[in-house]
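1. A structural model of the following input is requested.
(2 chains)
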There are 2 protein chains.
Amino acid sequence: MSKKKTTFNISKTNNFSEWYSEILNKAEIVDLRYGVKGFVVIRPWGARIIDKMYRIYESALRCTGHEAAIFPAVIPEKNFKRESSHVEGFAPEVFWLDKKQGDERLALRPTSETAFYEMYNLWIRSYRDLPLKIYQRANVFRNETKATRPLIRSREFHWIESHDAFATKKDAEAQVRDDIVMTEEVMHKIFGVPFLPMRRPQWDKFPGAEYTIGSDSILPDGKVIQQPSTHLISQHFVKAFDVKFVNEVEKERTPWLTCYGPCMSRILASVISVHGDDNGLVLPYTIAPVQVVVVPFYGEDSKKVKEMVEKIQKDLFGEHIDVRVDDSDKRSGEKFFYWEMKGVPFRVEVGEKELANGEVTVFIRDSRERVSVKVGDLVESIKNLGAEYDSRLLARADEFFEGKVVECKDKVGVKKALNSGKVVRFAFCSADVEGAECAGFVEKELEARVMGTRADVGEKVVGKCVVCGKKAGVVVYVGKSY
Amino acid sequence: MSKKKTTFNISKTNNFSEWYSEILNKAEIVDLRYGVKGFVVIRPWGARIIDKMYRIYESALRCTGHEAAIFPAVIPEKNFKRESSHVEGFAPEVFWLDKKQGDERLALRPTSETAFYEMYNLWIRSYRDLPLKIYQRANVFRNETKATRPLIRSREFHWIESHDAFATKKDAEAQVRDDIVMTEEVMHKIFGVPFLPMRRPQWDKFPGAEYTIGSDSILPDGKVIQQPSTHLISQHFVKAFDVKFVNEVEKERTPWLTCYGPCMSRILASVISVHGDDNGLVLPYTIAPVQVVVVPFYGEDSKKVKEMVEKIQKDLFGEHIDVRVDDSDKRSGEKFFYWEMKGVPFRVEVGEKELANGEVTVFIRDSRERVSVKVGDLVESIKNLGAEYDSRLLARADEFFEGKVVECKDKVGVKKALNSGKVVRFAFCSADVEGAECAGFVEKELEARVMGTRADVGEKVVGKCVVCGKKAGVVVYVGKSY
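-> Okay, here's the model as predicted:
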């Protein structure tokens, strides 16, 4: 019996759930033994990926005119109460502190609209103060009653929330579109996580929003997870906080607000799930904590190898490439397996024989190819290989994603497709309140969720609602989710 | 009557308290109107300084072998209860959540030893796991009963906490010394904030520590604020969490733990206070949110000026210098005043006349000098001027600091010195428990605090305790604090 030699040896395709739990543990991404439901310890390997993701996202936000701020983690109860749908939506999930301020309870933020808007009431006076685009990098807290799942659904998570204010609805809606573009540019193009931009049905929008556009990515088992959402806040919400400004002709107006919330810990879940393989993690070069591991092979002239390893380390470090030398006394097979499992994109093997030809070997994690590279070209080669690496990961993720979305014409087909791990596209009566009953059927009978309608492109609607048979008004996407 | 023309016009020397409150507001560092005692909004100008400080501190930690992790903000009550002095020390300050886990209360972390050690119990098995050096960037919460003061004493603050484990006490004590070196290298040398490294008296150590070394910086009014502390954790604490490892000869041993806690929001208070002047903020070049502001002066040929401004912006940005162009329709005087008040180190004035000579004018915030620089040399000049700027700020801060510390021989002298805003050095009976009574006198009668004894140098003890007249055992430093 031949056994395929892998470091990790769990099939991602056949047993995604076990694969996911095991890789989080083996690669030391998180530790689930902290002892409080829904609160996990993110270990250094996970924390460094998250930190790199934060830096890229923050730099994208700054480039589009956003400024960082740091708001309190605590929000007075009165702020929540100002807007009825918001308090209804979030109240059950709020952790309150035992110490009050006077008679008033203090909430641990589940999201910070009601903290930001309290200040926007003070900061926004005139059209000259607009647009105001402020974000924060923050931990938020929700007392999830559903089963929690590490990085995917936790009671504390680590995100960015951006709260923007504009003079006109047109400007605000342009921002909503820009938020989708940012999700595309950062989460898709850089982190390699494809998604569907979905305008949520009326019954599934953010509590307090006029509308919500979510981005849904797909896990290897076909389950959908919601990634960054962007919301056009309802004017009722804005008025509840009495945010107003004086326009160019001295008239008082209400600004239009948007918010956007990319969650780093959750995007990490997608990054791990989308790119990993049966040997463990595969991480995009751009966000890998270690981009290159150098493994020396000492022969007769260990001094020569040692010197070269030091030179390579220095050269790569000098070009801001995250490099680590594995000089431990482990067997080389063990080292190889370990760093493959951890998802390091490139392993540089430095041995005496090759050095005589002025060469080293580069092992490429995803394709498992080995290439010889001249020592003098190594830095440039790594940069080029890194760019190619990320393109390849992205193309592979896109291909998988496209294969996961299918079209169906009837209930039987939908059910079958959902049960075989697909996301299904079909004609549906309405994404407004009238459609809620059919959505209920999808939820109960098909154990799936109406994700919404495409926010990026218009789709031609033909025929009847697959559920109720009435004239179809929209094309929806439906998937199972955790 | 001649009136000195300033943007801000409050004397830092004569009225520090008002100066501090006003500059936080005017420079938009924090907003105090959030409405919850001890929780402030850190606005973009403050948030960007804090972010730069975090990046520098985190890079220093990584260079010394530390890895980042992200621990939960919530700690189960049982963790606290494991070590009696820790729970006694922190229990009154803890915010508890309303939702329990079974019967157990959940605390919002006031500090995270009891979260980290719970995991160290699992992560540390063998001498091969040591040293273990992990830090996190985190918000922590303490229900301060004393009066709060923005950035100096808040109920939520933003720090780094590093928790290290070693095989021997010797290694751990070396880390404590390394922590002081890091405070010196980062807070003093880079941020320009001088401090006294103080070994705290027994009655003032961290709850659960064998000993604590704090670093005290001095505000312009002579009041002392505690900056990063480092602690050698008591073996009792370590044993309470049952952290142990097997050494090289298979014997079970208890590791030695240290922790270090530089608080970015509080260091920012010192940075602002130490460097600022009567015109507003003065910020070290290295951590200024905007390092160069470019002000164009349009004359007849506005196109030429515009092109040059764009070129300068691009050149500086290309060298990672934070540059902003003030192209607003404000009067130039207004622009000058505004950016000086905000503490931008350099203003580059681009006007037609000078451009004819291929020159621009650089205004230097701290010295208020103006120098002409060839356009082609601007990037290099800014870099050099930036380095000189920070050296100058540091030298000025050191000079002020040294003048603030005086020696006294008797109670009358001490009292007088304290009341004139000095930190006083004098002979004292003991920093062990026997000295607590004399420390009580200092606190009650002199309204000051025994900061401790020098941790960096040995000091010769001569004569009698200034308070009780018994033989002196130590030289202490005493100051008033907020």
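2. need the residues of the stretch 51-200 of chain A near chain B, please.
-> For the stretch 51-200 of chain A, the residues in contact with chain B (C-beta under 8 Å from any C-beta of the partner chain) are A:51, A:67-74, A:76, A:95-99, A:101, A:106, A:108, A:115, A:118-119, A:122, A:134, A:136, A:139, A:141, A:143, A:155-156, A:158. All C-beta atoms are positioned from the backbone trio N, CA, C, and that covers glycine.
3. Report the buried members of these.
-> For those, a burial check counting by 16 or more other C-beta atoms under 10 Å in any protein chain shown picks out A:51, A:67-74, A:76, A:95-97, A:101, A:106, A:108, A:115, A:118-119, A:134, A:136, A:139, A:141, A:143, A:155-156, A:158.
4. Which elements pack onto the worst-scoring helix or strand of chain A on mean pLDDT?
-> None of the helices or strands of chain A scores lower by mean pLDDT, DSSP states H and E than helix A:84-90, at a mean of 86. Packing contacts for helix A:84-90, counted by 3 or more C-beta pairs under 8 Å, 6 or more residues apart in numbering or on different chains; DSSP states H and E, involve helix A:77-81.
5. what about the helices in the stretch 301-450 of chain A?
-> A:302-318, A:332-341, A:352-356, A:378-404, A:411-419, A:436-445 (DSSP state H, counting those that start in this stretch).
6. Tell me which of those sits nearest to chain B.
-> Chain B lies closest to helix A:302-318 among the helices of the stretch 301-450 of chain A, at 11.1 Å (C-beta to the nearest C-beta).
7. just how off-centre is the closest one within its chain?
-> 36 Å (C-alpha atoms, centre = their mean, to the nearest Å).
8. Least confident of the helices of the stretch 301-450 of chain A, on average?
-> With a mean of 91, helix A:352-356 has the lowest mean pLDDT of those.
9. what's it packed up against?
-> Other elements packing on helix A:352-356 under the criterion 3+ C-beta pairs under 8 Å, 6+ apart are helix A:302-318.
10. mind running it again at 6 Å?
-> Contacts defined by 3 or more C-beta pairs under 6 Å, 6 or more residues apart in numbering or on different chains; DSSP states H and E place helix A:352-356 against no helix or strand at all.
11. hang on, residue A:363 packs against residue A:369?
-> No - counting by C-beta atoms under 6 Å, residue A:363 does not reach residue A:369; the two are 7.5 Å apart.
12. the more surrounded of the two?
-> Neighbours per residue (other C-beta atoms under 10 Å in any protein chain shown) separate residue A:363 from residue A:369, with residue A:363 holding more: 20 against 10.
13. Name whatever forms a beta bridge with that one.
-> Here residue A:363 sits in beta bridges with residue A:347, residue A:370, going by DSSP bridges.
14. Can you add mean neighbour count and give the helices of the stretch 301-450 of chain A back as TSV?
-> TSV is the format used below for the helices of the stretch 301-450 of chain A (neighbours: other C-beta atoms under 10 Å in any protein chain shown):
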stretch	mean neighbour count
helix A:302-318	15
helix A:332-341	17
helix A:352-356	14
helix A:378-404	16
helix A:411-419	17
helix A:436-445	15
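15. quick one, which of those is nearest to residue B:382?
-> Among those, helix A:302-318 comes nearest to residue B:382, with 23.2 Å by C-beta to C-beta.
16. by contact count, what packs against that closest one?
-> If you count contacts as 3+ C-beta pairs under 6 Å, 6+ apart, helix A:302-318 packs onto strand A:292-297, strand A:323-325, strand A:346-351.
17. Taking helix A:378-404 as reference, get the angle to that helix.
-> Interaxial angle, helix A:302-318 versus helix A:378-404 (axes from the mean of the first three to the mean of the last three C-alpha atoms, to 10 degrees): 60 degrees.
18. Check what contacts helix A:302-318 and list those residues.
-> Residues from elsewhere that reach helix A:302-318 (C-beta atoms under 6 Å, 6 or more residues apart in numbering or on different chains): A:292, A:294, A:296, A:298, A:323, A:325, A:350, A:352, A:355, A:379.
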